[in-house]
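K.L.:
coordinates only, sequence not included:
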């Protein structure tokens with residue numbers, strides 16, 4: 001499969017035209033660059049928020065702790081969270097995947113299954129990216145663009161003593177789960 005066939009295999013017909021239009025997408029995946037306009041629901045002047053995260057196999061994930069779908073979900077969700085933390089609405093995602101031969105087309109498609117499931121959950125239009133080969137480990141980089149009403153971005157520097165801080169879930173539960181999965185993969189936990 002050549003590069004363009006792989007891109008079609010991973011991305012073709014994955015999102016409805018109505019979602020793309022709702023996010024202001026004029027031209028999505030398939031050209032040298034995407035073209036977007038202001039989302040119709042923006043309701044006035046907006047500022048753009050841009051976030052990027054990179055995940056590297058064996059550093060941020062491995063087969064013992066995450067399925068390919070989980071990797072795809074996490075790669076997009078990290079950026080959606082950053083946009084939401086600033087009071088914004090996530091709109092568009094650019095996805096770059098550098099895959100070694102061990103990650104064949106079907107395994108990468110499973111990664112995209114998770115990524116598109118996350119995109120559907122949060123209404124994000126996947127509008128482009130890049131694919132390259134990698135000598136050993138998978139690398140996934142996702143950039144998300146979002147909007148916030150002009151002058152209304154919530155910044156870390158805006159926090160003041162007495163402000164409420166919210167945490168979802170039990171603190172430390174994710175770390176405990178990771179330690180359990182790694183111990184199970186090493187055979188240190190009874191089945």
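P.N.:
Thanks, I have it. Since we're looking at a predicted model, the values are computed, not measured. Numbers count the residues shown, from 1 in each chain.

K.L.:
point out where this protein drops to low pLDDT.
P.N.:
31, 190-191 (pLDDT under 70).

K.L.:
let's see that with 80 instead.
P.N.:
Regions of the chain meeting the criterion pLDDT under 80 cover residues 1, 3-4, 27-35, 156-159, 165-169, 174-175, 177-178, 181-182, 185-191.

K.L.:
what about the strands in it?
P.N.:
Per DSSP state E, the chain carries strands over the ranges 25-27, 35-36, 46-56, 89-99, 125-133, 139-149.

K.L.:
residue 49 versus the residue nearest to the spatial centre of the chain, what's the distance?
P.N.:
With distances taken as C-alpha atoms, centre = their mean, the chain has residue 76 as the residue nearest its mean C-alpha position (1.0 Å). When distance is defined by C-beta to C-beta, to the nearest Å, residue 76 is 15 Å away from residue 49. For glycine as for every other residue, the C-beta is placed from the backbone atoms N, C-alpha and C.

K.L.:
same thing with residue 166?
P.N.:
Counting by C-beta to C-beta, the gap between residue 166 and residue 49 amounts to 20 Å.

K.L.:
re the thing from before, gap between the residue nearest to the centre of the chain and residue 168?
P.N.:
Separation of residue 76 from residue 168 (C-beta to C-beta): 18 Å.

K.L.:
all helices of the protein, in order?
P.N.:
For the chain, the helices defined by DSSP state H occupy 3-11, 17-22, 68-85, 105-122, 173-185.
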